[in-house]
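K.L.:
give me coordinates for this.
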Amino acid sequence: MTNDSTIHCDVAVAGGALAGLSAALFAAGQGRSVVVLEAGQRTGGTALFSGGAIHIEGRQGWDEYQGLVPLADPVLGKMLAERYEEFIQWLASTGAPGRVGELVYRDRSFFGFQMGGTSMPVGKLKFFDYLHQRVEELGGKVLLGARGTRLIVENGQVKGIVAHQGAREITVRARSVVLATGGFQANPALLEKFVSRAPDHVAQRATSNARGDGLQMALDIGAKLSPRMETFYGHLLPAPPCKINWTHGYYLDPILLSSYYAKHAIVVNIHGERFADEGPGETNAVLANEASRQPTGGLWVIMDSTIRQNFARYEIPRDALKRPSSIRHIGFLKYLGLLRTDGRLVVALDSLRLARDRGAVVIEANSVTELAARLGPHGVNDDGLQKTLADFNAKVTHGAAMELPIPKTKLAHKIATPPFFAIKVVAGVSLTHGGVAINAKAQVLDQNDAPIPGLFAAPGTAGGIHHLYYGGSHSTCGVFGMIAGESASAALG
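P.N.:
Below is the predicted model:
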């Protein structure tokens with residue numbers, strides 16, 4: 001450091017979540033001096049609010065991956081699939097706390113890495129604290145509360161980054177810069193510009209620091225936008241005024257309040273009509289993306305008491321029940337109960353009740369006619385809703401859900417047992433698929449598809465890898481974070 005505001009290093013990384021720390025750790029492991037700028041007050045980003053499972057669809061290479069993740073980019077998606085297991089082994093080799101092997105995640109099995117060895121918040125905290133510490137043990141510097149604002153460009157080459165840490169301006173002079181600040185899911189203006197013209201149907205499902213800082217800095221120096229700017233990965237969330245706490249210490253809120261049960265129900269717009277196949281649920285984000293594009297006015301998950309009792313609940317992992325640290329979440333205790341599923345007796349949290357207590361708009365009625373009438377004042381066409389339910393139930397009764405105007409490919413349950421429920425929801429955006437354009441070496445591209453010297457990026461700042469379908473958000477960030485660190489280091493000679 002030459003003075004209070006200027007730092008010199010080999011590689012500067014903007015962003016201290018999985019992508020940024022992977023880039024920094026890889027470069028530091030190559031003997032490069034590294035500075036990480038993280039806008040938040042701790043490392044980890046939105047991953048702290050996730051289940052912490054790093055995985056992809058399939059593990060037999062690009063051919064299998066492409067079949068499971070339609071519309072993945074043939075160059076970037078192939079790179080992800082081919083280097084995924086290498087990333088997992090490299091991550092484990094750093095000593096990062098976690099578990100490598102087969103992971104069961106929402107009734108599906110994957111090969112991957114469980115951050116911290118548990119899906120509970122303590123696992124992610126332990127994992128990111130270790131990565132942070134390891135970067136510093138290798139001689140790097142991690143600056144918290146430091147938000148990048150502009151890139152330094154000299155003679156056509158990126159030579160550093162300027163950041164603000166409170167009232168202090170910091171200039172980081174670097175030979176390579178990696179942008180890993182996340183997507184723009186917490187930036188309402190960018191969401192409205194690129195994703196949805198119905199802002200009342202979209203909400204952030206990420207930390208408030210995911211504002212698109214890296215995207216804007218790259219665009220300011222002539223970077224190209226990726227394709228797929230309009231799509232995202234996410235889940236339905238209870239609509240405002242439901243209170244979802246995104247502050248540190250409340251890491252379970254976004255998970256427990258997400259409307260995962262929508263795949264067992266139906267979702268309608270203000271016309272009372274279904275608009276997407278709910279069945280695939282969180283294995284892709286078609287439902288959430290279509291929800292963001294519906295006519296403004298509201299979206300509703302509709303279910304009966306059978307669906308509500310059996311599926312509007314979040315199964316609590318066994319390891320969570322055994323950990324003394326779980327006592328900090330004692331406030332959720334009153335929402336827990338026993339549920340029999342797939343022949344197993346499990347502990348599950350009542351997601352619908354939790355949402356209602358947090359202020360979500362939940363309508364309950366003893367008949368379909370009453371439910372439709374009660375939704376009328378909320379702008380829902382009652383005749384349209386009754387017709388939708390009648391047609392849906394008729395097809396499901398005869399095992400013909402695939403013959404519906406919008407087929408329901410699986411989890412088609414008849415909605416016929418009172419009482420009936422409707423909860424108002426929005427599309428929660430966890431990760432935007434669009435961003436700056438990169439190549440397979442994570443180099444940021446200009447308007448002519450040529451690499452911008454000295455500039456690299458990883459998802460969610462980088463985009464274009466996926467489109468609609470979920471391919472593994474943690475793995476995408478981690479693999480391309482590693483590649484960005486590798487390329488940024490190699491560029492120095």
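K.L.:
quick one: low-confidence parts of the stretch 201-350 of the chain?
P.N.:
For the stretch 201-350 of the chain, applying pLDDT under 70 flags the ranges 282-283, 319-329.
K.L.:
so which residues of it form helices?
P.N.:
Here the stretch 201-350 of the chain has its helices, by DSSP state H, counting those that start in this stretch, at 213-220, 253-257, 286-292, 305-311, 318-322.
K.L.:
hmm, who's touching the longest one?
P.N.:
In this structure, residues lying in contact with helix 213-220 by Cβ atoms under 8 Å, 6 or more residues apart in numbering are 14-15, 39, 147-151, 161, 179-184, 190, 225, 435-436, 444, 452, 455, 457, 461. C-betas here are computed from N, CA, C, even on glycine.
K.L.:
buried subset of those residues?
P.N.:
Among the contacts of helix 213-220, those buried by neighbour count (16 or more other Cβ atoms under 10 Å) are 14-15, 39, 147-149, 151, 161, 179-184, 190, 225, 435-436, 444, 452, 455, 457, 461.
K.L.:
residue contacts, the most centrally placed residue in the chain?
P.N.:
Centrality entry for the chain: nearest residue to the mean C-alpha point is residue 430, 3.2 Å, by Cα atoms, centre = their mean. Residue 430 makes contacts with 46, 185, 205, 206, 232, 233, 234, 235, 473, as judged by Cβ under 8 Å, 6+ apart.
K.L.:
is it correct that it falls within a strand?
P.N.:
Yes - using DSSP: H, G, I helix; E, B strand; the rest coil, the assignment for residue 430 is a strand.
K.L.:
distance check, it against residue 25.
P.N.:
24 Å (Cβ to Cβ, to the nearest Å).
K.L.:
quickly list the domain ranges of the chain.
P.N.:
6-230+433-490, 233-429 (automatic domain parsing).
K.L.:
tell me which of these is the most buried.
P.N.:
Most buried of these by mean neighbour count (mean count of other Cβ atoms under 10 Å) is domain 6-230+433-490; its value is a mean of 22.
K.L.:
residue 181 sits in which helix or strand?
P.N.:
Assessed by DSSP states H and E, residue 181 sits outside every helix and strand.
K.L.:
now do stretch 423-433, average pLDDT.
P.N.:
Stretch 423-433 carries an average pLDDT of 95.
K.L.:
revised request: answer the last question for stretch 153-165.
P.N.:
Taken as a whole, stretch 153-165 has a mean pLDDT of 97.
K.L.:
which outside residues touch it?
P.N.:
With Cβ under 8 Å, 6+ apart, stretch 153-165 has contacts from 12, 14, 37, 143, 145-152, 169-177, 217, 221, 452-455.
K.L.:
alpha carbons of it, in CSV - could you do that?
P.N.:
Provided in CSV are the C-alpha atoms of stretch 153-165 (Å, rounded to 0.1, in the frame of the first residue of the first chain):
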residue,chain,number,x,y,z
VAL,A,153,-8.5,1.7,-18.3
GLU,A,154,-5.2,2.8,-19.7
ASN,A,155,-4.3,2.3,-23.4
GLY,A,156,-7.2,0.0,-23.9
GLN,A,157,-6.3,-2.3,-21.0
VAL,A,158,-8.0,-2.6,-17.7
LYS,A,159,-5.5,-1.7,-15.0
GLY,A,160,-7.5,-1.6,-11.8
ILE,A,161,-10.7,-0.7,-10.1
VAL,A,162,-12.0,2.2,-8.0
ALA,A,163,-14.2,1.5,-5.0
HIS,A,164,-15.8,3.2,-2.1
GLN,A,165,-15.6,2.0,1.5
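K.L.:
how far away from the center of its chain is it?
P.N.:
A distance of 29 Å separates the centroid of the chain from that of stretch 153-165, by Cα atoms, centre = their mean, to the nearest Å.
K.L.:
same question for stretch 118-129.
P.N.:
Worked out by Cα atoms, centre = their mean, stretch 118-129 lies 17 Å from the chain centre.
K.L.:
could you do stretch 19-33 as well?
P.N.:
23 Å.
K.L.:
same deal with stretch 374-382?
P.N.:
For stretch 374-382, the distance to the chain centre is 32 Å (Cα atoms, centre = their mean).
K.L.:
which stretches of the stretch 1-150 of the chain have low pLDDT?
P.N.:
In the stretch 1-150 of the chain (pLDDT under 70), the answer is 1-4, 105-107.
K.L.:
hey, where'd the strands end up in it?
P.N.:
Assigned by DSSP state E, counting those that start in this stretch, the stretch 1-150 of the chain shows strands spanning 6-14, 34-38, 53-55, 98-105, 108-115, 141-144, 146-154.
K.L.:
so which of these is nearest residue 72?
P.N.:
strand 53-55 (14.9 Å; Cβ to Cβ).
K.L.:
right, and residue 209 touches residue 37 too?
P.N.:
No - when contacts are counted by Cβ atoms under 8 Å, residue 209 is not listed as touching residue 37 (11.5 Å).
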